[in-house]
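Q: here is my input; please provide its structure:
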Amino acid sequence: MAATYVTKAELRTNLGIGALYTDAVVEEVCQAAEDIIKAKLYFNKTNVTAHEATGTTGTLYFDRLIAGRFYVGQTITVENVAPHFNGSQTITALTDYSLSFVKAQITTVAKHEVIPYGSIIIAGQVDYATLPAVREASLMVATDIWQARQMSATGGISPDFQPSPYRMGNTLMARVRGLLADYLDPGGLVG
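A: Next up is the predicted model:
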């Protein structure tokens, strides 16, 4: 399993909070920072719009042509589809808009839409948790989230004693964009 982008220990050390807060509270901030950063990074993924299962065969459906993008025998990672579909799967059959895999412990499910869309990621994707720039950006975002949680709704003072009423404003990602520039999803730059 991949490491997280920022750990509880790293955030505790950065903030100087020791064991003052519970692991659950600190972990929630770490996970939120990772989710924010992940949403901006490029992953070689395809949206899953529907799924079904018959016997031991799971089938995933897509809203775009996947022929030529995948091949039988390829390993993919399924995310946010359903518990018995998620995880590493090996493709056993392909059509233009669907792929199938065999899994021993799968429940028969009629074809239905996945809302919100799930995704598949092609194996071999870079592990962003190992890249210093991504880890530093995550730590910076986690620190901002933590500080925003600790300040009153009317604002507060940042560590450099400057007023900071918009800690979680639209400049949050702007502060870390330089660190992430080489890894940003090109589709997220449109607009």
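Q: okay, CA-based contacts and neighbour counts for the rest of this
A: Fine.
Q: ramachandran angles for residue 41?
A: Dihedral pair for residue 41: phi -80, psi 160, per degrees, to the nearest 10.
Q: and the gap between it and residue 179?
A: With the distance defined as C-alpha to C-alpha, to the nearest Å, residue 41 ends up 11 Å from residue 179.
Q: run through who's touching the longest helix along the chain.
A: In the chain, taking DSSP state H as the definition, the longest helix is helix 132-150. The contact list for helix 132-150 (C-alpha atoms under 8 Å, 6 or more residues apart in numbering) reads 5-6, 10-11, 14-15, 29-30, 32-34, 37, 128-129, 167-168, 172-173, 176, 179-180.
Q: contacting residues for the residue nearest the centre of the chain?
A: The centre of the chain sits closest to residue 38, judged by C-alpha atoms, centre = their mean, with a distance of 4.3 Å. Listed by C-alpha under 8 Å, 6+ apart, residue 38 has no contact partners.
Q: what comes up buried for whatever helix or strand comes next after the longest helix of the chain?
A: Using DSSP states H and E, the helix or strand that follows helix 132-150 in sequence is helix 177-180. Of all the residues in helix 177-180, those buried under the rule 16 or more other C-alpha atoms under 10 Å are 177, 179, 180.
Q: tell me what helix 177-180 is packed against?
A: Applying 3 or more C-alpha pairs under 8 Å, 6 or more residues apart in numbering; DSSP states H and E, one finds that helix 177-180 makes contact with helix 132-150.
Q: quick check: mean pLDDT of the helix it packs on?
A: Mean per-residue pLDDT for helix 132-150: 91.
Q: roughly how far is that helix from the heart of the chain?
A: Distance of helix 132-150 from its chain centroid, counting by C-alpha atoms, centre = their mean, to the nearest Å, is 16 Å.
Q: buried set for it?
A: Residues of helix 132-150 classed as buried by neighbour count (16+ other C-alpha under 10 Å): 133-148.
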